[in-house]
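A.B. asks: pasting the sequence and the predicted coordinates here, then a few questions.
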Amino acid sequence: MRRHLIGALLALALGVGTLSWMAASAPQKEKGQLYLVTVEFVDPGPMMPASAMENLVEKVVIPSFEQLGHYKEEGVVLADGLPLAGRQYIAIMEAPSHQALSERLRQLPWWGVMRHEVVPLDRTGDRLKADRQFLEWIQSQSAAK
């Protein structure tokens, strides 16, 4: 199920599939690095009292989602979602550098209580260009023999 959500988020963020017409008609901006960001709740176990859970949701979880909404408005979060009934948040984010994204993530109230996994992504167009260059190099090596 996680793979399907990640695939859908990538399609939305990269403007492929049925939504590619939106990406084509949108004004092009300077592109930063894309990242697949997975945030997972670290389960404290059954010993956490209800009052502590209430405090966590009120003062950490909800403000984090609100901040992520601002990131979406700013264009940092390109697409996001949560697996149904899951305890994960998954997003495609864009930032000019690893450091810039790291700073954004550390600003979220849940930074200290959630496990974060960040994977830099190659853009499909960039990979296509590199693969074509590689193919040309392979072909030139074959022709030289």
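C.D. replies: Here it is on my side, so go on.
A.B. asks: pLDDT value on the residue at minimal distance from the centre of the chain, please?
C.D. replies: Here the mean C-alpha position of the chain is nearest to the C-alpha of Ile92 (C-alpha atoms, centre = their mean), at a distance of 2.2 Å. The score at Ile92 is 97. That number is its pLDDT.
A.B. asks: the helix or strand hosting Met93 pairs with which strands, parallel or anti?
C.D. replies: Secondary structure assigned from DSSP states H and E places Met93 in strand 88-95. In the sheet containing strand 88-95, its partner strands are strand 33-41 (antiparallel), strand 77-81 (antiparallel), by DSSP bridges.
A.B. asks: closest to Asp126 out of those strands?
C.D. replies: Of all those, it is strand 33-41 that lies closest to Asp126, at 9.8 Å by C-beta to C-beta. Where C-beta positions appear, they are placed from N, C-alpha and C, glycine not excepted.
A.B. asks: quick one: contacts of the following helix or strand past the closest one?
C.D. replies: Following strand 33-41 in sequence order, the next helix or strand is helix 50-56 (DSSP H and E). For helix 50-56, the external contacting residues (C-beta atoms under 8 Å, 6 or more residues apart in numbering) are Val113.
A.B. asks: and helix 50-56, C-alpha only, in PDB?
C.D. replies: Output of helix 50-56 as PDB, limited to C-alpha atoms (Å, rounded to 0.1, in the frame of the first residue of the first chain):
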ATOM      1  CA  ALA A  50      -4.200   9.700  27.900                       C
ATOM      2  CA  SER A  51      -3.400  13.200  29.100                       C
ATOM      3  CA  ALA A  52       0.100  13.000  27.600                       C
ATOM      4  CA  MET A  53      -1.300  11.700  24.300                       C
ATOM      5  CA  GLU A  54      -3.800  14.600  24.300                       C
ATOM      6  CA  ASN A  55      -1.000  17.100  24.900                       C
ATOM      7  CA  LEU A  56       1.100  15.500  22.100                       C
END
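A.B. asks: pLDDT of that helix, averaged?
C.D. replies: 88.
A.B. asks: flag every buried residue along that helix.
C.D. replies: Leu56 (16 or more other C-beta atoms under 10 Å).
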